[in-house]
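Asks: Pasting a predicted model and its sequence here:
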Amino acid sequence: MRFLTRTVQTALSTQRTLPPGGSREFWGWLNAVFNKVDYERIKAVGPDRAASEWLLRCGAKVRFQGFDRWQHDYNGLPTGPLGRYRIEAIDATESCIMYRGFDHLDGLKHVEEIKLNKCIYIEDVCLERLSGIENLQASLLKMEIVSCGNVTDKGVVSLYRLRNLEYLFLSDLPGIREREKTVDRLQTALPKLTIELDLA
């Protein structure tokens, strides 16, 4: 964690010296670094711990099965026997998670809820990748996608593979151009799904 703290401190001091326009590329690079998948780490600590580390590193929160409290402090992640803490919910509000890190989700078997609110790197390929993960197809019950400007009809329709999804909230998604057609396609594929819309 010291390395992570040092990296962020260096990044903050470097941001002040970058020429105009250069900081955006730098932060994009740093976010990509935070999303890099360490497969050896996943093997060593298990998928839930590794995914928790990734999500918190990127500014998201997790809630573990059997706990009411959201975990948002990287340094406060609980320790214990391998597999004791299983992710039940993910709140990625204003986080920098991106497609590059989605391999972290592969081993998660207990995730029931995912919130993607104001996630600038979430795009259609992320939703396609997420809905293609077999464990999530079985466990995911509730999902929110709000103010993710790169999400279009194509990404939302790809969620049809989440066969046990019960509730989907969509809001402030300017990329949704064919609202009725998209909702109809999802509703046909998932007749038990409740879709709540707040789209202009």
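Replies: On my side now, so go ahead.
Asks: so where do the strands sit in the chain?
Replies: 61-64, 87-91, 113-117, 142-146, 167-171, 194-198 (DSSP state E).
Asks: Give the other helices and strands that the fifth one contacts.
Replies: Counting by 3 or more Cβ pairs under 8 Å, 6 or more residues apart in numbering; DSSP states H and E, the packing neighbours recorded for strand 167-171 are strand 142-146, strand 194-198. Where C-beta positions appear, they are placed from N, C-alpha and C, glycine not excepted.
Asks: Contacts for the first one, please.
Replies: When you say that, I think you mean strand 142-146. By Cβ atoms under 8 Å, 6 or more residues apart in numbering, the residues outside strand 142-146 that reach it are 112-118, 122, 127, 151, 156, 159, 162, 165-173.
Asks: Only whichever of those are buried, select them in ChimeraX.
Replies: Filtering the contacts of strand 142-146 down to the buried ones (16 or more other Cβ atoms under 10 Å) takes a single ChimeraX command:
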select :112,113,114,115,116,117,122,127,151,156,159,162,165,168,169,170,173
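Asks: Including mean pLDDT, distance to residue 70 and mean neighbour count, could the helices and strands packed on strand 167-171 go into TSV?
Replies: Compiled in TSV, these are given as follows (pLDDT from 0 to 100; distance: least, Cβ to Cβ, whole Å; neighbours: other Cβ atoms under 10 Å):
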stretch	mean pLDDT	distance to residue 70	mean neighbour count
strand 142-146	98	15	20
strand 194-198	95	22	12
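Asks: Looking at the ones you listed, which is nearest to residue 61?
Replies: Among these, strand 142-146 comes nearest to residue 61, with 13.4 Å by Cβ to Cβ.
Asks: now that closest one, how far from the centre of its chain.
Replies: Distance of strand 142-146 from the chain centroid (Cα atoms, centre = their mean, to the nearest Å) equals 10 Å.
Asks: Kindly calculate the angle that it makes with strand 167-171.
Replies: If you take axes from the mean of the first three to the mean of the last three Cα atoms, to 10 degrees, strand 142-146 sits at 0 degrees to strand 167-171.
Asks: rewinding a little: nearest to residue 44, out of the strands of the chain?
Replies: Closest among the strands of the chain, using Cβ to Cβ: strand 87-91, at 17.2 Å.
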